[in-house]
Structure formats: structure tokens, C-alpha cells
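Trainee: Dropping the sequence and predicted coords here.
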Amino acid sequence: MNRVILTPATLPSSALAEVKQWLGITTAQDDAALQALLETALDQFEAFTGQRPLESECEETLDAAAGWMSLATRPVQAITSLETLAADGSRMALATERYDIDLDADGTGRIRLLANKPDARIAVRFTAGLSAAWDDLPQSLRHGVIRLAAHQHRERETEGAAQLPPASVAALWRPWRSLRLA
């Protein structure tokens, strides 16, 4: 997958307040580190479940193929544009009548070019994520993110890499995990 996050989701101050409450921290001394741990925990959620937690604008680059092509990022909320990429890096927008879009119930975004474009590369812009805002995320997902960030904060001085996510977090996230058979 060749994905770029064009407009990342921003965490509100309430997310930082939740992790500070969980850890019993009342000062602002560790705020930057805790914010970074929250963002990393959200990335870990995506790696564990295969779903982006907070909506963000993304772009994936695909090699043009016959038939339907699926985006790797899920759940896709909207596909906003397609552009062809030339060898020199220039881009040309594709008119909407030159492709089809399909958003599956499982959150997979798919596109199909209506004209054959051999050896073409396509840049697909889209919005993906389970929720538009931190406060709208399901409680078990949010709690898992908070617990993982707190766990990483507590373990910052220890040696050796621990399993991520810890079993307590994995149990909270498992209902959100989708596995695909090869």
C-alpha cells in the first residue's frame, strides 16, 4: 500500500485529559509525550484491526488494472477524486464519467476505470475512518487507546519490546478486528 495521509485527524484536549486521568498525572510536563503516545496508539489500533479509527483525508496510489481495484485503507467513507500519474510525476484529473466507485458494507472502497489504461498509475483521494471525532468513537475502542498509551508511558524506562497491544487492550479491540483469509 502506498498511502499518504493528506489531512490527519486531530485529537481534542479531552483525549489527553483521559490518558492523564488514567495515569494520575496532573501537570502539563508530559503532555507532548502523552499526545505522541495517543497518536501511536491510534496507529496501533489500525495495524491491529485493519481499520482507521478517526476520519482523515488520504491518498493511495494504485497500478491501473482491469476490473475493480480495492483501496487498502478501511473504512472508506467517500472517494473524492481520481488522478492519473504520469512518469514525470505530473497529474491529470479523471472525469467522474471515466470511472465507477463502489463502497462495500465492510468499508472497502473500490474503483474501476471504464477505459483501459495499461501501465497507468492512479492516485485516489478519499476520506476514511470509523468516526469523525474522538468523542464519537465507541467506548471500548477509546478505552483501548487510552490503556495502550498509558501502558507505553509506564513502560518507557524498561528494556526490551513488549507485545503490542497488551492482552487487556487486544481484548477491547478484538471485536473491531477483521481478518481476511488468503
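Mentor: On my side now, so go ahead.
Trainee: residues in contact with the residue nearest to the spatial centre of the chain?
Mentor: Averaging the C-alpha coordinates of the chain gives a centre point, and the residue nearest to it by C-alpha atoms, centre = their mean is residue 52 (2.9 Å). The neighbours of residue 52, taking C-beta atoms under 8 Å, 6 or more residues apart in numbering as the test, are 46, 58, 73, 74, 75, 128, 129, 130. Any C-beta I mention is one placed from the backbone N, CA and C, and that applies to glycine too.
Trainee: Can you tell me which of those residues is nearest residue 38?
Mentor: Of all these, residue 38 sits closest to residue 46, with 13.3 Å by C-beta to C-beta.
Trainee: so that closest one is in which element?
Mentor: Here residue 46, judged by DSSP states H and E, is contained in helix 31-49.
Trainee: Residues contacting that helix, please?
Mentor: Outside helix 31-49, the residues that touch it by C-beta under 8 Å, 6+ apart are 9, 11, 15-16, 19-20, 23, 25, 51-54, 141, 144-146, 148-149, 152-153, 164-165, 170, 173, 176-178.
Trainee: pretty sure residue 165 contacts residue 144?
Mentor: Yes. Residue 165 lies in contact with residue 144 (C-beta atoms under 8 Å); the separation is 7.1 Å.
Trainee: Which of these two has more residues huddled nearby?
Mentor: Using other C-beta atoms under 10 Å, the more surrounded residue of residue 165 and residue 144 is residue 144, with 28 against 22.
Trainee: mind exporting the helix or strand hosting that one as CSV, just the C-alpha atoms?
Mentor: Counting by DSSP H and E, the element that carries residue 144 is helix 139-154. Below are the C-alpha coordinates for helix 139-154, written out as CSV (Å, rounded to 0.1, in the frame of the first residue of the first chain):
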residue,chain,number,x,y,z
GLN,A,139,-16.1,3.3,24.2
SER,A,140,-14.2,0.1,24.0
LEU,A,141,-12.0,1.4,21.2
ARG,A,142,-11.3,4.7,23.1
HIS,A,143,-10.6,2.9,26.3
GLY,A,144,-8.1,0.6,24.5
VAL,A,145,-6.3,3.6,23.0
ILE,A,146,-6.1,5.2,26.4
ARG,A,147,-4.8,2.0,28.1
LEU,A,148,-2.2,1.4,25.4
ALA,A,149,-0.9,5.0,25.6
ALA,A,150,-0.8,4.6,29.4
HIS,A,151,1.0,1.2,29.2
GLN,A,152,3.6,2.7,26.9
HIS,A,153,4.1,5.6,29.2
ARG,A,154,4.6,3.4,32.2
